[in-house]
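structure here, sequence nowhere to be found:
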């Protein structure tokens, strides 16, 4: 098997295992799934908890319509609000969403810390750098 394909398949398997564990634990303790956590965390990392909805598509790995469906569900439970005109729609983190994502970060951090112990400490920084480079690869941009 091609080494590049093997790497991408291994990456997918690692992501699937991690996602399943995070979905389970975040669901039990916080009532959200991993994809909800990722969206809330992206919002919490912005200066004012506000980001254009189209800017969520690539980091979430979802089509625009799926991002909207996810935002609607989170809006219904009071964690986010959609704001702005149709051409400049924003997702805004509400105070309840900020409280929840901060608590959920502790759960996610604990799970990720345990998972990462399977990687040699000297490999963590290079693996992280490589994954960030892959995430930003120009060849993966959809035009």
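Arrived safely. This is a predicted model, so every value here is computed, not measured.

for the spatially most central residue of the chain, give me phi and psi.
The chain has residue 38 as the residue nearest its centroid, 2.7 Å off, counting by CA atoms, centre = their mean. Note on residue 38: backbone dihedrals following degrees, to the nearest 10 are phi -60, psi -50.

so it makes contact with residue 56?
No: in this structure residue 38 lies outside contact range of residue 56 using CB atoms under 8 Å: 9.5 Å. The way it works is simple: take the backbone N, C-alpha and C, and place the C-beta from them, glycine included.

picking up where we left off before, how far away is the residue nearest to the centre of the chain from residue 88?
23 Å (CB to CB, to the nearest Å).

again, but for residue 131
Following CB to CB, the distance that separates residue 131 from residue 88 is 31 Å.

likewise residue 3?
44 Å.

not counting sequence-adjacent ones, nearest residue to the residue nearest to the centre of the chain?
Spatially, and ignoring its direct neighbours in sequence, residue 38 is nearest to residue 60 (6.3 Å; CB to CB, 6 or more residues apart in numbering).

give me the number of residues near the one you found?
Residue 60 has 15 neighbours, counted by other CB atoms under 10 Å.

and it, what's its pLDDT?
pLDDT recorded at residue 60 is 95.

same question for residue 85.
pLDDT, residue 85: 80.

pull out the buried positions in the lengthiest helix in the chain.
Using DSSP state H, we find that the single longest helix of the chain is helix 3-30. Across helix 3-30, burial judged by 16 or more other CB atoms under 10 Å covers 18, 21, 22, 23, 25, 26, 30.
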